[in-house]
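Asker: Need a 3D model of the sequence below.
(chains A and B, ligands or ions: 1)
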Amino acid sequence: MSRDHILHRVRTALGRSAGEEARDLPPVRLRIPESAVESRAPQLLARVEALAGEGFRAATGDDARACVAAAIEGKCAVASNAPYLAHCGITSLPGVRSGITDPDELRELCASADFGITSADYALADTGTLVLLASPQEARLISLLPPAHIAVIACGRILSGLDELFSILPDPAAATSSMVLITGPSRTADIEQILVRGVHGPGRVMVVVVG
Amino acid sequence: MSTEFERKIHETLADAKLQLAIYTATGRLKAKRVETVAPDVLLDYQELRAQAHAIKKHAIENLDHYLEEFERNVEAHGGKVAYCKDGTEVADFVLALAKERGARLIVKSKSMTTEEVDLNERLEHHGLESVETDLGEYILQLAHERPYHIVAPALHMTRYDVADLFARRLHIAREVVIEKQTAIARSVLRQKFLAADIGISGANFLVADSGAVVIVENEGNARLTTSAPRIHIVIAGIEKVIPRAQDLATFLKLLARSATGQPLSVYTSFLSGPRRTGEIDGPEEFHVVLLDNGRTRLLPDRGKRESLYCIRCGACLNACPVYRKIGGHSFPWVYSGPIGAILTPQFMGVAHEPALPFASSLCGACAEVCPVKIDIPKILLELRSEVKKSEAREKQHRLEKLAFRAFAWLMRHPRIYELAGRAAASMAPSEEGGWIRGVPGLMNIPPVRAWLSQRDLPPAPAKSFREMWRRR
Ligand code: SF4
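Answerer: Okay, the predicted model is just below:
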């Protein structure tokens, strides 16, 4: 097998021996800015809008529910099993399917739904980013296959940026098999550098901040 | 310079439409990068670069350690790791897995590493369908071309080229509106995603302490590739490993800014193994193929191994006055621009295209924009001197071959050899047993002379062996 061959070549080239420790690892560099918690939601929503996403602020879970209802207008939506969505009453809105645990059913629904509704584990204020950790409650395809994605997140889960995320989650793999950072709608500029949204992922991203 | 290299350069220079396309696209990418790394936007840009450089340097200097750590952690999360030394081994790995699992259709997200080894061609040769899903790569696959630029692969094609291509290959009406062309690709590829058995992706980073791969993209095709099919195979160069997930706070801030001038790309996927218990989607199998394909050849030299720090952002291409004139397809291998000029000679040997390290004005723009601070001009200079050395060796080698051919000819014509030998004996230096340094009589033909200029012949005996043989 090439494993030993390649590792041997690497060691010979570097003058190292098998099992030798790594020396002088540069310290981690995380700089978490002092940012007032109240400024995070407006900053996040402004960034989302700048990326051609849509940002909403809801005072309560009920407001969030109304906000989502207005967006989907009774069209077909698939919502994740995140408790927060149920807590806000979003899973019981007309047109919304939730509580799916069968892989094939989920795939079919996501491929035909007009909206995918998820929560988000975190959001990053400085880049307008949603952070989704895959879990039995949060499937990957809901934020990916439908042409529009709605994310509902509690205000308290907004972080300042990447540095804070990686200080809270020093090893995301301990928490999930898949962490995805979503920064705006799917886009491409592969033909003549002309920006087109919604190429493979959702062309519309709506972020509802609650509280 | 090989005539092929020269021909392609001339072709590109003579094509006004192409010149404009390269100039505009690289100019736009360049300007966007400058905006997002400006001191008032990204205060600590220079410190981030220094940190990125330090981490890459450390990771490469301890590469075996981090590869093994990565491997252990992938396995701890239920994934598998395979090492491959070249394209044949990668193809064999994928083919064997596909056969075992009865897989036929593969979706692929953009990966320069798989371009290196022509993976699609190899797989298709064995009857598998392997479909590129990044819009630019999909267009190139239909056109049977290789990427023109690391981050903007179809930079050289216009909407009209795409319209003709789609009409011809997809048997549809000609469509010139870019939004509609994108929608066509979306719907064709959506079917492929949902039907595929295997998804093959590259990786921007391999994270040792998490056993995770990180993939950065804008379209969502990499997310689909890695979430929809039952099996996910990652194919990545061994140099992609970084020590810690926390180092991503540094690299992610630099990568998208340097590549496309975005603070972050639309999707950053951090994937560690197959789906876990209770998850409704995600791959059931997760394989990581660690590819050498010449990388270990770059390791021994402390200076030149910096080339392996590259995070493939493409900023050096956009900054390079030479790339902006001669374009991507003039370059002899998949990597173009300044990074191509230093990677290709080291992966393929300097003789592959000796002119390559000279296709640069050494203006330093590439080093200035490189987010991991690779000293590209310095490496170019070193490669130039290697080209010179190898050319001298090559010349020597050619002459030796000629000399031996002459010698063989002499051996087949004994009379002439004898004459030459006798001439040599008569011209032998005075001191007894001295070696012949001059070039006697018939041996004084250019190749032999050249050969002898480096070597001495044993002195010819007073009576040659042939003469003695005949007298017996
Ligand atoms: S050499 Fe530096 S600038 Fe060029 S592609 Fe690699 S990382 Fe980017």
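Asker: B:D281 and the ligand, how far apart?
Answerer: Here B:D281 is placed at a distance of 33 Å from the ligand (CB to the nearest ligand atom, to the nearest Å). C-betas here are computed from N, CA, C, even on glycine.
Asker: Tell me how far that residue lies from B:F331.
Answerer: Distance, B:D281 to B:F331, by CB to CB, to the nearest Å: 40 Å.
Asker: same deal with B:A367?
Answerer: For B:A367, the distance to B:F331 equals 19 Å [CB to CB].
Asker: same question, A:E38
Answerer: Plainly put, A:E38 is 52 Å away from B:F331 if you go by CB to CB.
Asker: same question, B:I184
Answerer: 30 Å.
Asker: Likewise for A:S135?
Answerer: Distance, A:S135 to B:F331, using CB to CB: 45 Å.
Asker: which one of those two has more residues nearby?
Answerer: Set A:S135 next to B:F331 and count neighbours by other CB atoms under 10 Å in any protein chain shown: B:F331 wins out with 25 against 20.
Asker: which residue sits closest to that one, ignoring its sequence neighbours?
Answerer: Leaving aside its chain neighbours, B:F331 sits nearest to B:G340 (4.7 Å; criterion: CB to CB, 6 or more residues apart in numbering or on different chains).
Asker: isn't that neighbour right next to B:G327, touching?
Answerer: No - applying CB atoms under 8 Å as the test, B:G340 and B:G327 come out as separate, 11.4 Å apart.
Asker: tally of neighbours for residue 89?
Answerer: Since no chain was named, I'll use chain A. Quick note: A:G89 (other CB under 10 Å) scores 15 neighbours.
Asker: Can you look at chain B instead?
Answerer: 19.
Asker: Now it: phi and psi?
Answerer: phi -70, psi -40 (degrees, to the nearest 10).
Asker: picking up where we left off before, which of B:G340 and B:G327 has more neighbours?
Answerer: Ranked by neighbour count (other CB under 10 Å), B:G340 and B:G327 place B:G327 first, with 28 against 23.
Asker: What distance do you get for the more buried one to B:Y148?
Answerer: 7 Å.
Asker: Quick check: neighbours shared by these two?
Answerer: Counting by CB atoms under 8 Å, 6 or more residues apart in numbering or on different chains, the shared contacts of B:G327 and B:Y148 are B:H156, B:S336.
Asker: Check the secondary structure at the residue of chain A found nearest chain B for me.
Answerer: Closest to chain B within chain A is A:G201: 2.6 Å, counting by CB to the nearest CB. Following DSSP: H, G, I helix; E, B strand; the rest coil, we place A:G201 in the coil state.
Asker: so what's it closest to, chain neighbours aside?
Answerer: B:G220 (2.6 Å).
Asker: what sits against that neighbour?
Answerer: Here B:G220 is in contact with A:L144, A:S186, A:V199, A:H200, A:G201, A:P202, B:V266, B:Y267 (CB under 8 Å, 6+ apart).
Asker: Check what pLDDT it gets.
Answerer: Predicted confidence (pLDDT) for B:G220: 98.
Asker: same deal with the one 10 residues further on?
Answerer: In this prediction, B:R230 carries a pLDDT score of 97.
Asker: Can you report how many residues lie near the closest residue to B:P243 other than its chain neighbours?
Answerer: Nearest residue to B:P243, sequence neighbours excluded (CB to CB, 6+ apart): B:A208, at 5.3 Å. By the criterion of other CB under 10 Å, B:A208 has 26 neighbours.
Asker: can you tell me which residues contact B:A208?
Answerer: B:A59, B:Y66, B:L67, B:E69, B:F70, B:N73, B:V241, B:I242, B:P243, B:R244.
Asker: Just the buried subset of the residues you listed, please.
Answerer: With burial judged by 16 or more other CB atoms under 10 Å in any protein chain shown, the buried subset of the contacts of B:A208 is B:A59, B:Y66, B:L67, B:E69, B:F70, B:N73, B:V241, B:I242, B:P243, B:R244.
Asker: ok, back up a step: in helices, which of the contacts of B:A208 fall?
Answerer: B:A59, B:Y66, B:L67, B:E69, B:F70, B:N73 (DSSP state H).
Asker: closest to B:E386 among those residues?
Answerer: B:A59 (25.5 Å; CB to CB).
Asker: Quick check: that closest one vs chain A, distance?
Answerer: Remark: distance between B:A59 and chain A (CB to the nearest CB, to the nearest Å) = 8 Å.
Asker: That residue against B:P243, yeah?
Answerer: Yes - the pair B:A59 and B:P243 passes the contact test of CB under 8 Å, sitting 6.0 Å apart.
Asker: Please, where are all the strands along chain A?
Answerer: Assigned by DSSP state E, chain A shows strands spanning A:54-58, A:77-79, A:96-97, A:115-119, A:122-124, A:129-133, A:148-154, A:158-159, A:178-182, A:187-188, A:196-197, A:204-210.
Asker: Direction included, what does the first one pair against?
Answerer: Within its sheet, strand A:54-58 is paired with strand A:204-210 (parallel), according to DSSP bridges.
Asker: how far is the partner strand from where the chain is centred?
Answerer: In this view, strand A:204-210 has its centroid 11 Å away from the chain centroid, taken as CA atoms, centre = their mean, to the nearest Å.
Asker: who touches that strand?
Answerer: The contact list for strand A:204-210, computed with CB under 8 Å, 6+ apart, reads A:41, A:44-45, A:48, A:51, A:53-61, A:63-64, A:67-68, A:71, A:88, A:123, A:128, A:130, A:147-155, A:158, A:182, A:184-185, A:197-198.
Asker: Buried ones from the residues you listed, can you make that a PyMOL selection?
Answerer: Entered in PyMOL, the line below selects the buried ones among these, by 16+ other CB under 10 Å:
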select buried, chain A and resi 41+44+45+48+51+53+54+55+56+57+58+61+63+64+67+68+71+88+123+128+130+147+148+149+150+151+152+153+154+155+158+182+184+185+197+198
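Asker: Pull the number of nearby residues for A:V37.
Answerer: Number of residues near A:V37 (other CB under 10 Å) recorded here: 11.
Asker: With B:K108 instead?
Answerer: Neighbourhood size, B:K108 [other CB under 10 Å]: 29.
Asker: if you average pLDDT over stretch B:359-369, what comes out?
Answerer: 92.
Asker: ok, now stretch A:80-99?
Answerer: On average, stretch A:80-99 scores 97.
Asker: Equivalent analysis for stretch B:339-356, please.
Answerer: The pLDDT scores in stretch B:339-356 average 91.
Asker: How about stretch A:51-60?
Answerer: Mean predicted confidence for stretch A:51-60 is 97.
Asker: Please give the centre-to-centre distance between it and its chain.
Answerer: 15 Å.
Asker: can you check stretch A:85-100 too?
Answerer: Distance, centroid of stretch A:85-100 to centroid of chain: 19 Å (CA atoms, centre = their mean).
Asker: ditto for stretch B:215-232
Answerer: 23 Å.
Asker: For the ligand, what's its nearest residue on the stretch 51-200 of chain B.
Answerer: B:I150 (6.0 Å; CB to the nearest ligand atom).
Asker: excluding its backbone neighbours, what's nearest that residue?
Answerer: Of all residues not flanking B:I150 in the chain, B:G314 sits nearest, at 4.0 Å (CB to CB, 6+ apart).
Asker: so what's the one you found up against?
Answerer: Applying CB under 8 Å, 6+ apart to B:G314 gives the contacts B:L29, B:H149, B:I150, B:V151, B:A152, B:S258, B:A259, B:G337.
Asker: Nearest to chain A: which residue in chain B?
Answerer: With CB to the nearest CB, the shortest gap between chain B and chain A falls at B:G220, namely 2.6 Å.
Asker: What sits closest to B:L63 if chain neighbours are left out?
Answerer: Closest to B:L63 by CB to CB, 6+ apart is A:V10, at 5.1 Å.
Asker: From the ligand, how far off is that neighbour?
Answerer: Counting by CB to the nearest ligand atom, the gap from A:V10 to the ligand is 21 Å.
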